[in-house]
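Colleague: have a look; sequence and predicted model below, questions after that.
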Amino acid sequence: MSFDNALQRHFDTFNKLQTIKAETEQLIEQIDLCLQKGGKLIFMGNGGSAADSQHLAAEFVVRYKAERKPLSAIALTVDTSILTAHSNDYSFDTVFTRQIQALAKPEDLIIGISTSGNSANIIDAIKAASEMGCKTWAWTGAHGGQLNEIADHLIRIPSDETARIQEAHIFIGHWLCEEMDRRTSENT
């Protein structure tokens, strides 16, 4: 595949993002309300989605563009001792579930990132978070996979190509940070 072909596939995906604008706007309202009520954002994902989880949690806590107070967010992918101990002693399928049970509160908003929508550890953690009364969001590709039936809400990127889905996920995450910058700097 040529550079031009990859760039065109990127443009094709991003040109379709308008179709998920309503869901994205609903998510920003829920994030804003969650943070106003003292809740936190909890991100989780595997592989590239793990890196995106860490990246976005850092943007919320440290800052995106504007100088503002830190916004409460964590990624469940950063503690290697928990990840390896749990995976060794129990199962990788429940590595995020145990952390949700330990760290989440009903006022929190949980974001599970899985391009396929079928990551067993994301599915199990979303189920646990729902049972605890947390709001749950899954960020997936076009089909949503099993998370389509489990999460309260979905951001389904209109693509089946993992790289294009991940590019769109980080765009959505950056827009959420930008909007929270605007909202929090207006309120200070």
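Modeller: Good, I have the coordinates.
Colleague: so which helix or strand takes in the residue nearest to His153 when sequence neighbours are not counted?
Modeller: For His153, the nearest residue in space outside its immediate sequence neighbours is Trp137; the separation is 4.9 Å by CB to CB, 6 or more residues apart in numbering. C-betas here are computed from N, CA, C, even on glycine. Counting by DSSP states H and E, the element that carries Trp137 is strand 135-140.
Colleague: what residues does that strand touch?
Modeller: Contacting residues not belonging to strand 135-140 are listed as 27, 30, 34, 49, 108-117, 122, 126, 129-130, 144, 147-148, 150-157, 165, 169, 172 [CB atoms under 8 Å, 6 or more residues apart in numbering].
Colleague: find the residue at the geometric middle of the protein.
Modeller: Residue closest to the mean C-alpha point of the chain, counted by CA atoms, centre = their mean, is Ile111 at 3.8 Å.
Colleague: and it, that one's in a strand?
Modeller: Yes. Looking at Ile111 with DSSP: H, G, I helix; E, B strand; the rest coil, it is inside a strand.
Colleague: quick check: bridge partners of it?
Modeller: Note on Ile111: beta-bridge partners Phe43, Trp137, judged by DSSP bridges.
Colleague: which ones are touching it?
Modeller: With contact taken as CB under 8 Å, 6+ apart, Ile111 is in contact with Leu41, Ile42, Phe43, Met44, Ser53, Trp137, Ala138, Trp139.
Colleague: next secondary structure after the strand holding Trp137?
Modeller: Next helix or strand after strand 135-140 toward the C-terminus (DSSP H and E): helix 147-150.
Colleague: the longest helix in the chain is where?
Modeller: The residue-count maximum for a helix in the chain (DSSP state H) belongs to helix 162-186.
Colleague: chain center to that helix: distance?
Modeller: When C-alpha coordinates are averaged (CA atoms, centre = their mean, to the nearest Å), helix 162-186 and its chain have centres 10 Å apart.
Colleague: now it: buried residues?
Modeller: Judged by neighbour count using 16 or more other CB atoms under 10 Å, the buried positions of helix 162-186 are 164-170, 172-173, 176-177, 179-181, 183-184.
Colleague: now do stretch 16-29
Modeller: For stretch 16-29, the neighbour count (16+ other CB under 10 Å) marks Leu17, Ile20, Thr24, Leu27, Ile28 as buried.
Colleague: tell me where the model's unsure across the chain.
Modeller: When residues are selected by pLDDT under 70, those of the chain lie in 186-188.
Colleague: show me where it has helices.
Modeller: Assigned by DSSP H, the helices in the chain fall at 3-15, 21-36, 48-61, 80-89, 95-103, 120-131, 147-150, 162-186.
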